[in-house]
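Visitor: return atomic coordinates for the entry below.
(chains A and B)
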Amino acid sequence: AQSVTQLDSHVSVSEGTPVLLRCNYSSSYSPSLFWYVQHPNKGLQLLLKYTSAATLVKGINGFEAEFKKSETSFHLTKPSAHMSDAAEYFCVVSDHETSGSRLTFGEGTQLTVNP
Amino acid sequence: DVKVTQSSRYLVKRTGEKVFLECVQDMDHENMFWYRQDPGLGLRLIYFSYDVKMKEKGDIPEGYSVSREKKERFSLILESASTNQTSMYLCASSRGGGAHNEQFFGPGTRLTVL
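Guide: Below is the predicted model of the structure:
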């Protein structure tokens, strides 16, 4: 079975400071991992994905995430927050062997960026 | 530009009504999904489909059914709406062939059942 835990339901940062959104996963096999972002009143958009290639994955808008198998983590980072980064972020896991194309979503982390 | 559209952004229905939520994708994707999104719970999978006329239950199928008569269209049906089905409903689609394929989401339908 696969599952994902987002360790913070809310994160608040100041503009220009680093962002860290934490995610731990559980998967029986080699997983695919994703981060999606949802801006207010908008649909979900893919930020980045890990699919067993490089462990450091770069995404859109300056975000990146590192897959750490030993820690079963896939934390999302950005060096410098921008006001437009305020949104809800979802960590997502899928392993093809047990779930096909199904995704399992974390509960979400609401990011607030203060001026 | 890839697109998933949903028939309504906001919908208000009464308890006991039959409700249809429509989703259309223009990317020729094999897979389509229906989720509901509730605060603090993330997205939960209701039903999904890998092909026309094919459907599989997700994690919370009770009270819902689906229909996929054409590849591009996937409908979610609430046979008898109840107040606990008040939620945001999101449709998504993806290419077939594996868990690594990105899912593309529609804008969502916010359903209120009175």
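
Visitor: alpha carbons only for contacts and neighbour counts from here, please
Guide: Fine.

Visitor: neighbours of residue 69, just the number please.
Guide: Using chain A here. 13 (other CA atoms under 10 Å in any protein chain shown).

Visitor: my question was about chain B, not that one.
Guide: 13.

Visitor: contacts only, for it.
Guide: B:Glu69 is in contact with B:Val52, B:Lys53, counting by CA atoms under 8 Å, 6 or more residues apart in numbering or on different chains.

Visitor: where exactly do the strands run in chain B?
Guide: With DSSP state E, the ranges of strands along chain B come out as B:4-6, B:10-13, B:19-25, B:31-38, B:42-49, B:56-57, B:64-70, B:73-78, B:87-94, B:104-105, B:109-113.

Visitor: now those in JSON lines, with distance to A:Gly106?
Guide: Conversion of the strands of chain B to JSON lines gives the following (distance: least, CA to CA, whole Å):
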{"stretch": "strand B:4-6", "distance to A:Gly106": "22"}
{"stretch": "strand B:10-13", "distance to A:Gly106": "25"}
{"stretch": "strand B:19-25", "distance to A:Gly106": "24"}
{"stretch": "strand B:31-38", "distance to A:Gly106": "11"}
{"stretch": "strand B:42-49", "distance to A:Gly106": "6"}
{"stretch": "strand B:56-57", "distance to A:Gly106": "20"}
{"stretch": "strand B:64-70", "distance to A:Gly106": "23"}
{"stretch": "strand B:73-78", "distance to A:Gly106": "23"}
{"stretch": "strand B:87-94", "distance to A:Gly106": "15"}
{"stretch": "strand B:104-105", "distance to A:Gly106": "16"}
{"stretch": "strand B:109-113", "distance to A:Gly106": "20"}
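
Visitor: closest one to A:Phe74 among the ones you listed?
Guide: With CA to CA as the criterion, A:Phe74 lies closest to strand B:42-49 of these, at 17.2 Å.

Visitor: and the residue positioned nearest the centre of chain B, what does it touch?
Guide: In chain B, the C-alpha nearest the mean C-alpha coordinate belongs to B:Trp34, at 2.6 Å (CA atoms, centre = their mean). Contact partners of B:Trp34, counting by CA under 8 Å, 6+ apart, are B:Leu45, B:Ile46, B:Tyr47, B:Phe48, B:Leu76, B:Tyr89, B:Leu90, B:Cys91, B:Ala92.

Visitor: in chain A, what secondary structure element scores lowest on mean pLDDT?
Guide: One helix or strand of chain A scores below all others by mean pLDDT, DSSP states H and E: helix A:96-99, with a mean of 59.

Visitor: before we move on, back to that, among the strands of chain B, which is nearest A:Ala87?
Guide: With CA to CA as the measure, strand B:42-49 is the member of those nearest A:Ala87 (13.6 Å).

Visitor: is the closest one anywhere near chain A?
Guide: Yes: counting by CA under 8 Å from any CA of the partner chain, chain A is contacted by strand B:42-49 at B:Gly42, B:Leu43, B:Arg44.

Visitor: can you report how many residues neighbour the first one?
Guide: Spelled out, it's B:Gly42. The burial count for B:Gly42: 19, using other CA under 10 Å.

Visitor: quick check: closest non-adjacent residue to it.
Guide: The spatially closest residue to B:Gly42, leaving aside those adjacent along the chain, is A:Glu107, at 3.9 Å (CA to CA, 6 or more residues apart in numbering or on different chains).
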